[in-house]
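Colleague: Give me a 3D structure for the following:
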Amino acid sequence: MEKNGEYKVRSGYDMQHASRNSPSLQSMDSSHIIKPEVWKFIWSSLTLPKVKHFLWRVCTNSLPTMKNLFSKRIAPSPMCPFCLLYEESIEHLLLQCSWTAGVWFRLPISYKVDPALITTFDDWFYGVCGLLKQNSRAWEILSCWVSFALWNIWKEMCTFLYEHRDPNAWGVIESVKYVVAEFSGITDHPPQVGVEEKCKMKDGPDMWSAPLGLNIKINCDGAWDAYSNLARIGVIARNSSGAVINGCAKSCYSSSALHAEAFAVKEGLILAKSMNATTMCIELDYEQLYNAVVKNSSQISWSIYPLLVDIKRLKIGLLSCMWSLVKRFRNAAGKWLARQAKKGMYLGDWINHPPLSLQHVLRLDGLPAPPLDLDSYICFVVLFCLDVQFCCFSLCSFLLCLIKENF
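Modeller: Numbering: from 1, shown residues only. Predicted coordinates for the structure are as follows:
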């Protein structure tokens, strides 16, 4: 109705249009409300208009996925035609499918999809794009990567379904890199904002200090190989008495040293959750990562923002999580684990029976280490002598063969 009480077609149209395009526009699930910021992220992203329209259709659940087609009795099954394990929803198609997750991880942003942390697509999109200040240069580049990655994944899955051609992950990656380079003016590798350097602190204690009370302190460190893009991470947890209570050493692919350090911090939080820890302290020696996690600094490579999303989500379940930036030698235990993973060493039950080299690190931290095992020393000496004897025998055999050939 108009203000004077008369009904006009224009007033009815305006009311219906306002209800459909209100900020609380709902998805197919009537209980879910999309945040207004999501639409702002979509329409201001650095991408093509058709890709913006595609993102709008994704958020409103308007794509012809198998789940949607099955609900309308068009498709015979709601299952994903590629993995055949789960229903092909929007989230599964663009993020959670095993093939799709592999594409995200192989992109230069090296985003590792965690299906457990993804509820709806719009919440995921808001979490990724909401980390940076909107319309900043870093935000534009990140939105460019995300939008074109989603668009090319969708096109490739359609090609697989309708042209019966196996999806080409590397073809998708190269297409995304080419388009992003054209739109954002960057090279094939993500730009690094600032210099990636290990922290060099001038103050603070010279030795590792135990946490107070019932707290747990976790040291995280990562080692990255630029030639193979392999990262080795080490995480070690100790209690208030300095005793080692848990830890892990893993290998993964990474795009930079900063990326490896972020992986280590994420694994540290996962380890804390597995231990049901509520109060803890995490120590790291990478200043840029510390500023990004604790101070929400934007002066950092945007390639780790998806990892920062995971780190901040994992922090939510902890009652109290303190962060500490320390010198490199105060993080020696975590660095020891990362180096063992880099060497491919088998650590066995290193928590209850730490090797001699780890015992040495723990003693340098100024805290009691497990008693040195005399049998281990004897075994080490015997093996060393056998190795020397074998080397001498091999050298003599080689010299005899050489003499016989010449004479």
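Colleague: Give me the mean pLDDT for stretch 280-291.
Modeller: Average pLDDT, stretch 280-291: 85.
Colleague: measure that stretch end to end?
Modeller: 19 Å (Cα to Cα, to the nearest Å).
Colleague: Can you give the distance from that stretch to the centre of its chain?
Modeller: Distance of stretch 280-291 from the chain centroid (Cα atoms, centre = their mean, to the nearest Å) equals 16 Å.
Colleague: Pull out the buried residues from it.
Modeller: M280, C281, I282, E283, L284, D285, Y286, E287, Q288, L289, Y290, N291 (16 or more other Cβ atoms under 10 Å). In this view, the C-beta of every residue, glycine as well, is placed from N, C-alpha and C.
Colleague: For these, work out which two are farthest apart.
Modeller: Spatially, the most separated pair among these is M280 and Q288, at 22.0 Å (Cβ to Cβ).
Colleague: Of the buried residues of stretch 280-291, just say which sits nearest to M66.
Modeller: Among the buried residues of stretch 280-291, and counting by Cβ to Cβ, the member closest to M66 is L289, at 40.0 Å.
Colleague: So for that closest one, what's the nearest residue that isn't a sequence neighbour?
Modeller: Leaving aside its sequence neighbours, L289 sits nearest to E261 (Cβ to Cβ, 6 or more residues apart in numbering; 5.1 Å).
Colleague: For that neighbour, give me its contacts.
Modeller: C220, D221, G222, L284, Y286, L289 (Cβ atoms under 8 Å, 6 or more residues apart in numbering).
Colleague: please redo it, this time with the cut-off set to 10 Å
Modeller: 196, 198, 220-224, 231, 233, 254, 284-286, 288-290, 304, 307, 338 (Cβ atoms under 10 Å, 6 or more residues apart in numbering).
Colleague: Tell me the gap between stretch 271-282 and the middle of its chain.
Modeller: 18 Å.
Colleague: still on that earlier bit, sec struct for the residue nearest to L289, please.
Modeller: With DSSP: H, G, I helix; E, B strand; the rest coil as the basis, the three-state label of E261 is helix.
Colleague: one step back: can you tell me which of the contacts of E261 end up in strands?
Modeller: Of the positions in the contacts of E261, C220, D221, G222, A223, W224, A231, I233, L284 sit in strands, assigned by DSSP state E.
Colleague: JSON lines please, covering these and showing distance to R73.
Modeller: As requested, the ones in strands among the contacts of E261 are exported to JSON lines (distance: Cβ to Cβ, whole Å):
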{"residue": "C220", "distance to R73": "51"}
{"residue": "D221", "distance to R73": "55"}
{"residue": "G222", "distance to R73": "51"}
{"residue": "A223", "distance to R73": "55"}
{"residue": "W224", "distance to R73": "52"}
{"residue": "A231", "distance to R73": "48"}
{"residue": "I233", "distance to R73": "49"}
{"residue": "L284", "distance to R73": "54"}
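Colleague: Can you tell me the closest non-neighbouring residue to the residue most central in space within the chain?
Modeller: The geometric centre of the chain, computed from its C-alpha atoms, lies nearest to L307 (Cα atoms, centre = their mean), at 3.8 Å. Using Cβ to Cβ, 6+ apart and skipping residues adjacent in sequence, the residue nearest L307 is A262, 4.3 Å away.
Colleague: what does G234 give?
Modeller: L337 (2.7 Å).
Colleague: Could you count how many residues lie near that neighbour?
Modeller: 28 (other Cβ atoms under 10 Å).
Colleague: can you pull the contacts of it?
Modeller: Applying Cβ under 10 Å, 6+ apart, the residues contacting L337 are 219-221, 223, 232-236, 247-250, 264, 345, 347, 350, 358, 361.
Colleague: Quick check on those residues: which are buried?
Modeller: Buried, going by 16+ other Cβ under 10 Å: 219-221, 223, 232-236, 247-250, 264, 347, 350, 358, 361, out of the contacts of L337.
Colleague: what's the spacing between the residue nearest to G234 and N246?
Modeller: Distance, L337 to N246, by Cβ to Cβ, to the nearest Å: 12 Å.
Colleague: Quickly list what's touching both of those two.
Modeller: V235, I236.
Colleague: quick one: V235 is in a helix?
Modeller: No. Counting by three-state DSSP, V235 is not found in a helix; it is strand.
Colleague: so what's it closest to, chain neighbours aside?
Modeller: Leaving aside its chain neighbours, V235 sits nearest to G268 (4.7 Å; criterion: Cβ to Cβ, 6+ apart).
Colleague: host element of that neighbour?
Modeller: When elements are assigned from DSSP states H and E, G268 belongs to helix 257-274.
Colleague: average pLDDT for that helix?
Modeller: Mean predicted lDDT for helix 257-274 stands at 88.
Colleague: now that helix, how far from the centre of its chain.
Modeller: 8 Å.
Colleague: That one: which residues count as buried?
Modeller: Across helix 257-274, burial judged by 16+ other Cβ under 10 Å covers 257-269, 271-272.
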